[in-house]
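Chemist: No sequence on hand, only this structure:
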């Protein structure tokens, strides 16, 4: 597969990530090695090997490389959204505005993760060999420049897989890209393999994840058996031609739902997720909750909306998705209520959010939505996925700050955070409110779009008065219950979101020591907070919405 | 001293840009009427500035000395308002138009969903709420009063507030709240709709609460603030109900719509008196609360807990005028010769009675007050009641078609509002000056005696108690002259200030009582009696404070006032002494009442004004007039002199302007009334005629049990439900988390269950 120059230009963000991977491999190996020209005593530096330079052996170097390359990819994607012209590459990819929008979201989330990881890992320059005992070896091994290279290469792999996945027009290619990202993320989850909890989390996540993937791939093979093609265009044509649901197609889609259900951590496939979140470090957990989840939803939309869209005869998967949605959001919120580990709490909250988006997807699949409300629902999902990068990731960034100082394992570590650092605490509170969907924050806007889409899809705005309210209720489609479930669950979720605020602002702090400095991380928190507010109301939110609309129109 | 004085003047330099702002705006082509926006916007914009900077620079040396903790900033904002107000008033007078209505700014646009039987339609542009400036003679006069007094009060406050230790590092709060209050007052006066009038009215209510409770750590101040807020709230609820009723009748609250033709409501339907009258009565109850009239008067005396005397001052001289203003706005509704609604006589009679009762009651309570501010507070109630009485008579007379007499007394009442505001503003400043100096003298004495206590507020000494004063005439010439002139204006000594307006009110009320409506006789008699009583209590206050020998050590060590306190006193003395007569000669009464104002300022007619005051056409009125003059000018003051008069201490010389009064009082001093102090009447007067006890009793019987029940309901039923939800959710949470066993085997099992369920759900739909 050789890309022409115009094709390479169209794939600039991926090229940036590739360059980042190459740099991350090469740069840490640069040293002062010299080669002697044979037969002379003249030596010239070949830069490869020998004693490494100060700058190339710095544990922070790989992090900076990956942050920069991911940020560049993010900006390139942003500029490509409007200009993408649907160029097809190698028959499996199509450069669309939607794909570019999603790669912007993915790379943004991963760039933040990479930046936060720089601080997450102590940046001293002692190597593993200096360790005195096993415990110290555990810690020091994480500081090692080489381990850092591994981490950041894996992060960029994740980005590459996700970014390509968003462009794919072929189910097989989609699964391959998905697996590229997933495999890398399994390793990332288990990156703290030296600690018991980290290793366990990685293994669990890997086993459950690979079983889910295997199920999905089996589903894909059934679909191939049924349609004879894995191209979305071919699958779509076959699906539209069905009069009744072909069992092969039904089972195929159903099995794929299992794989994607794991990716978006929908109940009951989410069980490994809280373990994974609490076992890994906060930036990686943030990546799982934002980029990884967005990837799962994009894949799901590609399959469900892209080719298995409801036609007149067949609305197969919508009821399953609806039931799944209600179980997912209720389970997530209920479990989050009594979680004492903030990362577990956020993991369950992320499960609940997956439930909300599944509800919107179910409404899309119900066959009731006309093209306007279909756009509205898709917009709601994509908007939610993109602003989630701000406030869900922001919350994990605050946890990263706590983790750097060695706390953050228990929710009581939040106590009195406002007195220790009012700006960080206020930002955290904004993130919590946005997660709960309080106006005028962006979390509200996305939830509002979702409920609005659900309600307009499932009810008709005829003559509703107090007098005929009962008969109106009876005329409403059962999918309306999804909107109701979202509202009730939001109320429930306020319990644990506001509790964080309560702890931060009204409890006595455990210690008076200030939080770690970590300037870049603080900037990221502050920017996330400001954008969380701005994208909720006013011109900034309208800009983002119009961007999402552009993206949706090329889905 | 001189040098220090110069430095004080230097502080005013920051005012220069503020003063220049309005002329610049005019040069830039802003319509004079639109200057009203500047008058409101300047204090509104300065409010957060003062508050925030004050909080950030709290205690900063420069902030305290250069900016007087925000006082200078507040003053500059108010100077913008003052100049804008003056410019507007002068332009209005010069233009000689009946009213000016600036182009309103749209605030909110409402579309309404209407159900036409088959479907819902959007009725676009159903109503919009806009804010514009409305200037007619009434609002022009009040605009001048409000901007002028607020400016002077702020000036005075800079001298008064920043010299007392108890206020230091808190003054920014005072000045911020004060200018927000001023903004409310200007906005209320200039608003072109009842809705905005109400909004600004409530802003004033809030600021009044904040200012009364300025010393919130003092229990009495906190209680007084709460009392004022709750009492006016009762009125405000009625006011809001009244406004809704008006909206129901007219379909709008804009003056332009409502006053265009008050006899036809929404859709040109004729307005019935049986609908309009209750609405206006509701509005009137709001006015009763705001202007501290019977029976919602209980908050005003307690409001004197605010920073001495400035919050007292805004409560006495400016804010309480809001209620009067709103009643004066009711005139077009009843003006039957000019699109008014027929059959609204009762409204005027009720207002007149409330005024009469309050006037008499407040004056009698003022007899026994020993706190100098409380005397003034009751005097305020009494004088406001006069104005209500006048407005009530005006409403009655106009609703029965006696337009000329009605307009005459309306003008008189509004003129009295003006005179009273100026005089009472000055009196409160003067009393503040007295208290301030008494306090300092006492403080110094303590210090010199070597008691060593740095306690600023000694429990045993009350700087406001007139029984500690006496003989101050020689120590405080400016204050004593100001107080004398102010008291004269309030009493109604012929030719000075309040005389002109009070005569008009009493004469026309008697006219109405004798010729048209016997029911007005009660208020009319009360008004005459009150005139005499006013003479007594105002004279008593002056005598106790300034005449006689010092009754406390502190009173003999009082110094003269500072520049900041003296300047407004002198300004207002001149205004009070001269403006009343001047304006009377200029026919301000007719100006204020005229709906078809066409009079220039050139027909100065002294003889006519004197003739109306002293030689009315009807004999009965002449008799009433002279009885009033006799009671208020001679009987009241002479009795006061007999009781409280006395010459100064040996060797003390008073200023020539007041020494005659002191010697006169000494000549009359005869009676000792200490025996009367224990009578049951004076006891109940001291307890304010038991109104507070009555309200306390009523509240304990009605509202307190209800509140207790609500508390119980909240604690048991509502909290019970919330707790139940909480408990159930937590239980559910624990239950559902048991499925997260931590074992990968179980996770895979659950995933398998999930996969089967999806399979069943998908296939179940079609099979």
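Modeler: Sure, I can see it. This structure is a prediction, so every number in the text was calculated from the model and none was measured.

Chemist: hey, which helix is longest across chain B?
Modeler: Longest helix in chain B by number of residues (criterion: DSSP state H): helix B:403-449.

Chemist: Now do it: distance to the chain's middle.
Modeler: The gap between where helix B:403-449 is centred and where its chain is centred comes out at 13 Å by CA atoms, centre = their mean, to the nearest Å.

Chemist: ok, so what distance separates residue B:490 from chain A?
Modeler: Plainly put, residue B:490 is 54 Å away from chain A if you go by CB to the nearest CB, to the nearest Å. (C-beta placed from N, C-alpha, C; glycine too.)

Chemist: quick one: contacts for that residue?
Modeler: By CB atoms under 8 Å, 6 or more residues apart in numbering or on different chains, the residues touching residue B:490 are B:379, B:383, B:420, B:423, B:424, B:427, B:497, B:498, B:534, B:538.

Chemist: Contacts only, for the fifth one.
Modeler: With contact taken as CB under 8 Å, 6+ apart, residue B:424 is in contact with B:316, B:317, B:376, B:379, B:380, B:383, B:486, B:490.

Chemist: and if we set it to 7 Å?
Modeler: When the contact criterion is CB atoms under 7 Å, 6 or more residues apart in numbering or on different chains, the partners of residue B:424 are B:316, B:317, B:376, B:380.

Chemist: correct me, but the first one touches residue B:426?
Modeler: No. If you go by CB atoms under 7 Å, residue B:316 and residue B:426 don't touch, sitting 10.8 Å apart.

Chemist: which among the contacts of residue B:424 gets closest to residue B:197?
Modeler: Sorting the contacts of residue B:424 by distance to residue B:197 puts residue B:317 at the head of the list, at 19.4 Å, by CB to CB.

Chemist: Surely the closest one is within a helix?
Modeler: Yes. If the criterion is DSSP: H, G, I helix; E, B strand; the rest coil, then residue B:317 is within a helix.

Chemist: Now do the buried residues in whichever strand or helix holds residue B:757.
Modeler: Secondary-structure element containing residue B:757, defined by DSSP states H and E: helix B:744-766. Residues of helix B:744-766 classed as buried by neighbour count (16 or more other CB atoms under 10 Å in any protein chain shown): B:744, B:747-748, B:750-751, B:754-755, B:757-759, B:761-763, B:765.

Chemist: quick one: residue B:68 and residue B:12, what's the gap?
Modeler: Applying CB to CB, to the nearest Å, the value for residue B:68 to residue B:12 is 11 Å.

Chemist: Also residue B:218?
Modeler: In this view, residue B:218 and residue B:12 are 33 Å apart by CB to CB.

Chemist: next one: residue B:632
Modeler: Distance of residue B:632 to residue B:12, computed by CB to CB: 40 Å.

Chemist: same deal with residue B:203?
Modeler: Separation of residue B:203 from residue B:12 (CB to CB): 28 Å.

Chemist: Equivalent analysis for residue A:537, please.
Modeler: As for residue A:537, its distance to residue B:12 is 43 Å (criterion: CB to CB).

Chemist: Minimum distance to chain A, which residue of the stretch 501-650 of chain B gives it?
Modeler: Residue nearest to chain A within the stretch 501-650 of chain B (CB to the nearest CB): residue B:564, separated by 39.4 Å.

Chemist: wait, residue A:166 sits on residue A:101?
Modeler: No. Taking contact to mean CB under 7 Å, the distance of 8.2 Å between residue A:166 and residue A:101 leaves them out of contact.

Chemist: where in the stretch 151-300 of chain B is pLDDT low?
Modeler: Scanning the stretch 151-300 of chain B for pLDDT under 70 picks out B:165.

Chemist: beta partners for residue B:270?
Modeler: Beta-bridge pairing for residue B:270 (DSSP bridges): residue B:264.

Chemist: is it true that it touches residue B:264?
Modeler: Yes. Applying CB under 7 Å as the test, residue B:270 and residue B:264 come out as touching, 6.0 Å apart.

Chemist: coming back round to it: who's more crowded, residue B:203 and residue B:12?
Modeler: In this comparison of residue B:203 against residue B:12, neighbours counted by other CB atoms under 10 Å in any protein chain shown, the higher total goes to residue B:203 at 18 against 15.

Chemist: Leaving out chain neighbours, which residue sits closest to the more buried one?
Modeler: Using CB to CB, 6 or more residues apart in numbering or on different chains and skipping the chain neighbours, the partner closest in space to residue B:203 is residue B:184 (3.7 Å).

Chemist: OK, contacts around the closest residue in space to residue A:246 that isn't next to it in sequence?
Modeler: Among residues not flanking residue A:246 along the chain, residue A:226 sits closest, at 5.9 Å (CB to CB, 6+ apart). Residues near residue A:226 by CB under 7 Å, 6+ apart: A:246, A:248, A:249, A:252.

Chemist: what helix or strand is residue A:226 on?
Modeler: Using DSSP H and E, residue A:226 falls in helix A:196-227.

Chemist: what's the answer for residue B:665, then?
Modeler: Secondary structure from DSSP H and E places residue B:665 in helix B:656-668.

Chemist: Residues touching that helix, excluding its own?
Modeler: With contact meaning CB under 7 Å, 6+ apart, helix B:656-668 is reached by B:473, B:480-481, B:484, B:543, B:546-547, B:638, B:641-642, B:645-648, B:654.

Chemist: Spell out the secondary structure type for the nearest residue to residue B:438 once chain neighbours are set aside.
Modeler: Nearest residue to residue B:438 in three dimensions, chain neighbours excluded: residue B:463, at 4.3 Å (CB to CB, 6+ apart). Reducing the assignment at residue B:463 to three states with three-state DSSP gives coil.

Chemist: Quick check, residue B:463 in contact with residue B:437.
Modeler: No. The pair residue B:463 and residue B:437 does not pass the contact test of CB under 7 Å, sitting 8.7 Å apart.

Chemist: which helices and strands sit right next to the helix or strand harbouring residue A:492?
Modeler: Using DSSP H and E, the element containing residue A:492 is helix A:480-506. With contacts defined as 3 or more CB pairs under 7 Å, 6 or more residues apart in numbering or on different chains; DSSP states H and E, helix A:480-506 has these neighbours: helix A:318-337, helix A:342-365, helix A:417-420, helix A:422-436, helix A:442-458.

Chemist: between it and helix A:318-337, how big is the angle?
Modeler: With axes from the mean of the first three to the mean of the last three CA atoms, to 10 degrees as the criterion, the two stretches helix A:480-506 and helix A:318-337 enclose an angle of 20 degrees.

Chemist: Show me what counts as buried in stretch B:564-580.
Modeler: Neighbour-count burial for stretch B:564-580, with 16+ other CB under 10 Å as criterion, is recorded at B:564-569, B:571-573, B:575-577, B:579-580.

Chemist: Sorry, wrong one. I was asking about stretch B:624-635.
Modeler: Of the residues in stretch B:624-635, those buried by neighbour count under the rule 16+ other CB under 10 Å are B:624, B:625, B:627, B:628, B:629, B:631, B:632, B:633, B:635.

Chemist: Same check on stretch A:13-33?
Modeler: So for stretch A:13-33, counting by 16+ other CB under 10 Å, buried means A:13-17, A:19-21, A:23-24, A:27-31.

Chemist: With stretch A:528-548 instead?
Modeler: Along stretch A:528-548, these residues count as buried under the neighbour rule (16+ other CB under 10 Å): A:528-529, A:531-536, A:541, A:544-545, A:547-548.

Chemist: Give me the contacts around that stretch.
Modeler: Everything outside stretch A:528-548 that qualifies as a contact, by CB under 7 Å, 6+ apart, is A:81, A:101, A:379, A:382-383, A:386-387, A:390-391, A:393-394, A:397, A:427, A:430-431, A:434, A:440-442, A:444-445.

Chemist: For ChimeraX, write the select line for the buried members of those residues.
Modeler: For anyone working in ChimeraX, the buried entries among these, judged by 16+ other CB under 10 Å, can be selected with:
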select /A:81,101,379,382,383,386,387,390,391,393,394,397,427,430,431,434,441,442,444,445
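
Chemist: Restrict the contacts of helix B:656-668 to those that also contact chain A, please.
Modeler: Within the set of these, contact with chain A (CB under 7 Å from any CB of the partner chain) is found for no member.

Chemist: Chain A contacts on chain B?
Modeler: Counting by CB under 7 Å from any CB, the residues of chain B that sit close to chain A are B:115, B:119, B:729-730, B:732-734, B:736-737, B:740, B:742, B:744, B:747-748, B:750-751, B:753-755, B:758-759, B:761-763, B:765-766.
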